[in-house]
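> Please find the sequence and the predicted model below.
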Amino acid sequence: MSIDPPDQNRPPKWTQALVNAANSRNRARGSSEIFSMADLAAAWEACGGRCAFSGLPFNLQLVGDGQAKRPFAPSLDRIDRHKPYQKDNVRLVVAVANFAMNAWGDEPVLQMASALHRKHGDRPLLAKKAPSDSDLENVAVIDTELVETDLGVLPFPPRADTRAAILELLGDGPQSSRSLEAALSDRFGITLPMQAAMLRNGCPAWRNHVAWALVDLSRHNRGTGQIERIANKVAPDGGSTGIYRLTSQSSVLPTRDAVSVSLGA
């Protein structure tokens, strides 16, 4: 089933979700860049209404029962992940490609596609009837890493986005990991149920996600050395929380940049 293209006068729900979510993420990242319906329409025209990466037609069919249920929905992919989310830095791709490219880039996905085609040949498009645009939930998932939890697969912001936000927050002075966790929850729209979701090892998935971002930024042989842990204190729940601050190296790497959007549940 084909979907309605972007229209500035009567925009379909999927287009409103993408534009609104993109601008929300821009604000969360500290960017003043505005992405408009006209910009989305330009991306649609550039790809001819088909995935710019694969050539597949877009559709809104539901597949499976995971968090991201529409693998062939149109989604916005940044061409350069270090630039703001803007007209000349996006392409429209199917969501299933966007999730994979967000994790590994184009080349591994192309290698997988070639191998799959050699093994399985051409596959027909899904024939299941898709919902109408009016039936869609007004939800867009933005530039995500999918994390398996006891609540199912949840979309968290990529660690690169989380790291940039941590650097910005620490620009106001030292903070504890728990206060950073709370501030990042507000910034990236991590709901209370998502904050409470657990990994298989019993660790809160969101806390683990933030902790790895802190590790990425810390001083060690694989970290950037932009932050340092200067103390520990007792956390409100009885555990411990580290206190972090910026180091003199914090200005050498980029901080606030852009977004990539894909339509979710």
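Happy to help now that I have it.

> CA atoms for contacts and neighbours, from now on please.
Noted.

> Would you mind giving the domain segments of this protein?
Domain assignment of the chain by automatic domain parsing yields the ranges 13-144+258-263, 147-251.

> looking at those, which has the lowest confidence?
Lowest mean pLDDT of those: domain 13-144+258-263, a mean of 79.

> Relative to the whole chain's centre, how far out is that one?
Between the centre of domain 13-144+258-263 and the centre of its chain there are 11 Å (C-alpha atoms, centre = their mean, to the nearest Å).

> Nearest spatial neighbour of Ala100, chain-adjacent residues omitted?
Among residues not flanking Ala100 along the chain, Val109 sits closest, at 6.8 Å (C-alpha to C-alpha, 6 or more residues apart in numbering).

> now do Glu148
Using C-alpha to C-alpha, 6+ apart and skipping residues adjacent in sequence, the residue nearest Glu148 is Leu154, 6.4 Å away.

> which phi and psi does the one you found have?
Dihedral pair for Leu154: phi -110, psi 140, per degrees, to the nearest 10.

> So which residues of this structure form helices?
Counting by DSSP state H, the chain has helices at residues 13-28, 37-47, 95-104, 106-120, 159-170, 177-188, 192-196, 205-217.

> In TSV, list those helices along with mean neighbour count and distance to Asn89.
Shown next, in TSV, are the helices of the chain (neighbours: other C-alpha atoms under 10 Å; distance: least, C-alpha to C-alpha, whole Å):
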stretch	mean neighbour count	distance to Asn89
helix 13-28	22	13
helix 37-47	18	10
helix 95-104	19	14
helix 106-120	12	15
helix 159-170	20	17
helix 177-188	18	21
helix 192-196	14	30
helix 205-217	20	25
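
> Figure out which of those is closest to Thr241.
Nearest to Thr241 among the helices of the chain is helix 177-188; the distance by C-alpha to C-alpha comes to 5.7 Å.

> any residues touching the closest one, and which ones?
Residues outside helix 177-188 that contact it (C-alpha atoms under 8 Å, 6 or more residues apart in numbering) are 25, 28, 157, 162, 165-166, 169, 190-191, 195, 206-207, 210-211, 235, 241-244.

> Next, the angle from it to helix 159-170.
Note on geometry: by axes from the mean of the first three to the mean of the last three C-alpha atoms, to 10 degrees, helix 177-188 and helix 159-170 are set 110 degrees apart in direction.

> Would you mind getting the angle between helix 177-188 and helix 205-217?
On the basis of the same axes, to 10 degrees, helix 177-188 is oriented at 110 degrees to helix 205-217.

> Now find how far off-centre helix 177-188 is within its chain.
Per C-alpha atoms, centre = their mean, the centroid offset for helix 177-188 relative to its chain is 16 Å.

> re the thing from before, export the helices of the chain to JSON lines and tack on distance to Thr224?
Listed next are the helices of the chain as JSON lines, based on distance: least, C-alpha to C-alpha, whole Å:
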{"stretch": "helix 13-28", "distance to Thr224": "22"}
{"stretch": "helix 37-47", "distance to Thr224": "35"}
{"stretch": "helix 95-104", "distance to Thr224": "20"}
{"stretch": "helix 106-120", "distance to Thr224": "25"}
{"stretch": "helix 159-170", "distance to Thr224": "10"}
{"stretch": "helix 177-188", "distance to Thr224": "18"}
{"stretch": "helix 192-196", "distance to Thr224": "26"}
{"stretch": "helix 205-217", "distance to Thr224": "5"}
